[in-house]
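Enquirer: I'll drop the sequence and a predicted model, then ask my questions.
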Amino acid sequence: TIVAGVADPGPASPRPATAGRQKSRPWLVPAILTVAATAALALWQPWKQTPSARTASALTDQPPSATQPPTAPPGQTVQKSVAVLAFANLSDDKDNEYFSDGISEELLNVLAKIPGLKVSARTSAFYFKGKQVQLPEIAKQLGVAYVVEGSVRKQGDKVRITAQLIKAADGFHVWSDTFTRDLKDIFAVQDEIAGLIAQNLSLKLGITASAASAVNPAAYQHMLQARFFSRKEDNEGWSKSIEECRAALALDPDYALAAAEMARSYIFLCRFGGISLSEGFRAARPAAERALALNPELPEANNAMGWVLRTADWDWRRADAAFRRAYELAPRSADMIRDYAVIRNNQGFFAEAIELGRLAVKLDPLNASTHCYASLFLAWFDGHLDEAVTEMQRGLALAPEAVEWHSILARSLILQGRLPEAAATAEREPSERYRLFARALVLSAQKNHPAAEQARSELIEKHGETMSFHIAEIFALSGEDDRAFEWLERARIRGDTPMAWILGTPTLRPLLRDPRWTALIAKLGLAANPGK
């Protein structure tokens with residue numbers, strides 16, 4: 001439902017995972033093959049409640065090494081674990097920061113494919129960029145034993161990468177090296193560095209050389225810039241990302257990742273009001289289809305198609321299949337896990353969504369968005385409201401200016417009966433429309449009918465076209481079922497993106513016993529009781 005720093009009624013944006021070449025995987029030069037990764041992985045199941053049979057099936061039909069990170073006893077650190085920090089940009093052109101970020105992230109993605117090695121997620125590892133934090137503290141927060149840091153200097157078609165592997169506990173430099181290569185060989189350099197790091201972590205790793213893939217350096221740079229802009233998670237960033245993806249595809253029409261990123265950026269740009277829904281959907285669909293045609297095994301291509309099917313078509317089953325496939329292809333990616341959790345929640349499989357959301361938080365603990373999603377999933381159950389509030393507070397601590405998040409926290413506080421705290425939280429919401437929404441919700445819960453009606457009327461007058469779903473929430477909480485269904489029907493007819501969250505929105509629970517609820521859910525192609 002939210003993205004840090006952006007106003008929109010839809011769910012938070014999935015963060016992209018890799019920035020490489022398509023058809024053949026970018027890191028296949030040399031290909032990293034495991035011949036003896038025998039480290040045992042402990043089963044990880046921190047949840048207090050027993051998963052449903054459906055949940056257990058969803059989470060255990062993958063190999064344990066794929067779905068679960070290596071774990072250690074409480075208070076100990078997994079020894080074969082590493083975080084790749086954002087490499088420093090030493091290029092003369094400081095605008096080349098996108099390139100050093102991209103190299104760091106690509107190296108992280110190569111390492112994440114090594115069985116038996118726990119790799120900290122990108123967002124959590126990059127959280128420390130520009131912060132004066134000592135390595136032991138970074139390692140403690142990320143739960144890793146080793147840290148990779150380095151620098152990138154780009155000049156023309158040459159790139160110089162310095163990387164070092166450091167044991168966090170004592171600062172011992174396990175290994176360091178410098179690589180100067182042609183830009184077209186950058187993927188081979190990333191694999192080389194990853195292989196050396198793995199060997200120095202005492203993993204038994206077999207490396208098989210293969211012919212180098214041709215890489216268009218200019219297209220690669222455009223792709224890195226696209227990712228750099230999309231991570232800003234605002235309409236300007238998504239617009240620039242689309243431009244960079246278009247430039248990359250003009251240079252390399254077979255660049256599947258660029259097509260996938262373009263599709264995703266169009267979906268989020270229209271969902272957050274940058275362009276109309278119809279325009280965004282028309283552009284996103286062919287881009288996602290192109291990405292899948294170029295590389296059906298690319299996680300980002302499947303993920304992009306999942307967002308198109310879910311958001312534009314409300315085709316829940318096909319969207320579920322696409323998101324699940326992305327998760328299967330990148331089972332240790334917090335982004336893919338989180339997005340799969342979204343579609344499970346949207347279909348009413350709430351317990352599964354909670355477990356997947358918790359797993360995403362475990363893998364990416366300093367990613368504000370993963371905490372926010374976890375809060376959304378947890379808020380449906382009264383027994384999980386304390387945890388829902390805690391997760392949202394953690395997310396806001398990481399992204400205090402995030403748009404809509406205070407309104408979501410206020411909603412959970414209302415459900416707990418903590419109305420004074422909810423009122424104060426509502427007024428801290430930076431977006432006017434979500435502040436008005438949260439304020440009206442609190443006033444309705446307080447039974448302050450004149451003030452609630454005034455806030456609701458102001459919201460309808462100013463933002464009725466974009467907040468239909470949330471206006472329905474206010475009416476539902478106020479016990480005005482007829483008005484609630486009227487606004488939900490408006491949202492359905494307009495194709496408003498928040499309708500995807502209808503089954504998991506706790507303030508709509510008063511409507512569940514109304515026959516109109518079952519009829520509305522059927523119109524959306526959903527099942528009122530999917531677990532039965």
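Expert: Structure's in. What do you need?
Enquirer: how far is stretch 219-235 from where the chain is centred?
Expert: Here stretch 219-235 shows a centroid-to-chain-centroid distance of 15 Å under the convention Cα atoms, centre = their mean, to the nearest Å.
Enquirer: Quick check: mean pLDDT of it?
Expert: Stretch 219-235 comes out with an average pLDDT of 86.
Enquirer: And that stretch, what's buried?
Expert: Buried residues in stretch 219-235, counted by 16 or more other Cβ atoms under 10 Å: 219-231, 233-235. Any C-beta I mention is one placed from the backbone N, CA and C, and that applies to glycine too.
Enquirer: Kindly report the same for stretch 514-527.
Expert: Neighbour-count burial for stretch 514-527 flags 517, 520, 521, 524, 526 (criterion: 16+ other Cβ under 10 Å).
Enquirer: Tell me which of those residues fall in strands.
Expert: The strands, defined by DSSP state E, take in nothing from these.
Enquirer: Pass me the low-pLDDT residue ranges in the stretch 151-300 of the chain, would you?
Expert: Counting by pLDDT under 70, the low-confidence segments of the stretch 151-300 of the chain come to 201-215.
Enquirer: Can you list the residue ranges for strands in it?
Expert: Using DSSP state E, counting those that start in this stretch, the strands of the stretch 151-300 of the chain run over 158-167, 172-182, 204-208.
Enquirer: could you give the angle of the longest one to strand 158-167?
Expert: If you take axes from the mean of the first three to the mean of the last three Cα atoms, to 10 degrees, strand 172-182 sits at 170 degrees to strand 158-167.
Enquirer: Check which residues of strand 172-182 are buried.
Expert: By 16+ other Cβ under 10 Å, the buried positions in strand 172-182 come out as 175, 179, 181.
Enquirer: who's in contact with the last one?
Expert: Contacts of residue 181 were listed using Cβ atoms under 8 Å, 6 or more residues apart in numbering, and they are 158, 159, 161, 188, 189.
Enquirer: Next: the first one.
Expert: Taking Cβ under 8 Å, 6+ apart, we find residue 175 in contact with 164, 165, 196, 197, 200.
Enquirer: how does it look with 7 Å?
Expert: 164, 165, 196, 200 (Cβ atoms under 7 Å, 6 or more residues apart in numbering).
Enquirer: quick one: the second one from residue 85, how far?
Expert: Distance check for residue 165 against residue 85: by Cβ to Cβ, to the nearest Å, it reads 11 Å.
Enquirer: which residues do these two both contact?
Expert: By Cβ under 7 Å, 6+ apart, the residues touching both residue 165 and residue 85 are residue 148.
Enquirer: returning to that earlier point: just the buried ones from the contacts of residue 181?
Expert: 159, 161, 188, 189.
Enquirer: Quick check: of those residues, which lies closest to residue 297?
Expert: Nearest to residue 297 out of those is residue 188 (Cβ to Cβ; 20.7 Å).
Enquirer: Not counting its neighbours along the chain, what's nearest residue 332?
Expert: In this structure, residue 332 finds its nearest non-sequential neighbour in residue 112, 5.6 Å apart by Cβ to Cβ, 6 or more residues apart in numbering.
Enquirer: Return the backbone torsion pair for that neighbour.
Expert: Backbone torsions for residue 112, taken as degrees, to the nearest 10, come to phi -60, psi -20.
Enquirer: on that earlier part again, looking at the contacts of residue 181, which is nearest residue 242?
Expert: Comparing the contacts of residue 181 against residue 242 with Cβ to Cβ places residue 159 closest, at 26.1 Å.
Enquirer: Tell me the spacing between the closest residue to that closest one other than its chain neighbours and residue 109.
Expert: In space, and not counting its chain neighbours, residue 159 is closest to residue 183: 5.4 Å by Cβ to Cβ, 6+ apart. According to Cβ to Cβ, residue 183 stands 18 Å off from residue 109.
Enquirer: give me every residue that touches residue 503.
Expert: Neighbouring residues of residue 503 by Cβ under 7 Å, 6+ apart: 346, 348, 526.
Enquirer: and it, what pLDDT?
Expert: 96.
Enquirer: bridging residues for the nearest residue to residue 186 once chain neighbours are set aside?
Expert: Spatially, and ignoring its direct neighbours in sequence, residue 186 is nearest to residue 159 (6.2 Å; Cβ to Cβ, 6+ apart). Per DSSP bridges, the residues bridged to residue 159 are residue 154, residue 181.
Enquirer: Residue 159 reaches residue 185, doesn't it?
Expert: No: the criterion here is Cβ atoms under 7 Å, and residue 159 misses it with residue 185 at 8.8 Å.
Enquirer: Could I get the full set of helices for the stretch 201-350 of the chain?
Expert: Along the stretch 201-350 of the chain, the stretches classed as helices by DSSP state H, counting those that start in this stretch are 217-230, 235-251, 256-271, 277-294, 299-308, 316-329, 334-346, 350-363.
Enquirer: would JSON lines of the ones you listed with distance to residue 398 be doable?
Expert: Formatted as JSON lines, the helices of the stretch 201-350 of the chain follow (distance: least, Cβ to Cβ, whole Å):
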{"stretch": "helix 217-230", "distance to residue 398": "19"}
{"stretch": "helix 235-251", "distance to residue 398": "18"}
{"stretch": "helix 256-271", "distance to residue 398": "20"}
{"stretch": "helix 277-294", "distance to residue 398": "28"}
{"stretch": "helix 299-308", "distance to residue 398": "23"}
{"stretch": "helix 316-329", "distance to residue 398": "24"}
{"stretch": "helix 334-346", "distance to residue 398": "14"}
{"stretch": "helix 350-363", "distance to residue 398": "11"}
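Enquirer: Residue 116: which of those is closest?
Expert: helix 350-363 (15.6 Å).
Enquirer: Quick check: which helices or strands does that closest one pack against?
Expert: helix 53-60, helix 334-346, helix 368-378 (3 or more Cβ pairs under 7 Å, 6 or more residues apart in numbering; DSSP states H and E).
Enquirer: List the contacts of residue 280.
Expert: The contact partners of residue 280, taken as Cβ under 7 Å, 6+ apart, are 266, 267, 269, 270.
Enquirer: what does residue 359 give?
Expert: residue 337.
Enquirer: Farthest from the middle of the protein: give me that residue.
Expert: For the chain, the largest distance from the centre (Cα atoms, centre = their mean) belongs to residue 450, which lies 40.0 Å off.
Enquirer: Sweet, I'm off.
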